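Peer 1: Give me a 3D structure for the following:
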Amino acid sequence: MQEYPEEWALWINSPERLRLPNAESIPDVQRRAFSTLEFIVQKYKGKALVIVSHRAVIKPLIAACLQIADPYFWRIHVDTASYSIIMHDENRGYCLTLLNQTKHLKSFTSEWV
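Peer 2: The predicted structure follows:
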């Protein structure tokens, strides 16, 4: 925050616009994750799938599935070790049926930044 105030401000206000040298941007992560999901969904059509990742991948992936426009990153909250459920229908596409479920955890700390 002190060393890179402009970058920090972008991260806090509009992380989809943040570009760092030698790092993937949020839009890059979103394209890569959604492309991979589409491949997996087609390959395992009709099967239940579990995808495990970090929240910095899951949030852009959920936004892509639901076609949520920028800025979306801070509008989707996903806690560590939570799970969400997204259904896929060939005709209707993706539907979020559960977000950020944490009831299976004995205790957790919700992280907001």
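Peer 1: Give me the number of neighbouring residues for residue 58.
Peer 2: Neighbour count for residue 58, taken as other CB atoms under 10 Å: 19. Every C-beta, even on glycine, is put in place using the N, C-alpha and C of the backbone.
Peer 1: Who are the contact partners of residue 96?
Peer 2: 62, 65-66, 84-86 (CB atoms under 8 Å, 6 or more residues apart in numbering).
Peer 1: Give the helix, strand or coil label for it.
Peer 2: strand (DSSP: H, G, I helix; E, B strand; the rest coil).
Peer 1: just to revisit the earlier point, from the contacts of residue 96, keep the buried residues only.
Peer 2: Buried members of the contacts of residue 96, scored by 16 or more other CB atoms under 10 Å, are 62, 65, 84, 86.
Peer 1: Relative to residue 13, how far out is residue 6?
Peer 2: Distance of residue 6 to residue 13, given as CB to CB, to the nearest Å: 11 Å.
Peer 1: how about the helices in this protein?
Peer 2: Assignment of helices within the chain using DSSP state H yields the ranges 5-13, 26-43, 55-66.
Peer 1: what about the longest one, average pLDDT?
Peer 2: I take that to be helix 26-43. The pLDDT scores in helix 26-43 average 97.
Peer 1: which residues touch it?
Peer 2: Contacts for helix 26-43 (CB under 8 Å, 6+ apart): 15-16, 18, 24, 49, 51, 53, 56-57, 60-61, 63-65, 73, 88.
Peer 1: Kindly recompute the last result at 10 Å.
Peer 2: For helix 26-43, the external contacting residues (CB atoms under 10 Å, 6 or more residues apart in numbering) are 11, 14-19, 23-25, 47, 49, 51, 53-54, 56-65, 70-73, 86, 88, 90, 94.
Peer 1: how about low-confidence regions in the chain?
Peer 2: Within the chain, the segments meeting pLDDT under 70 span 113.
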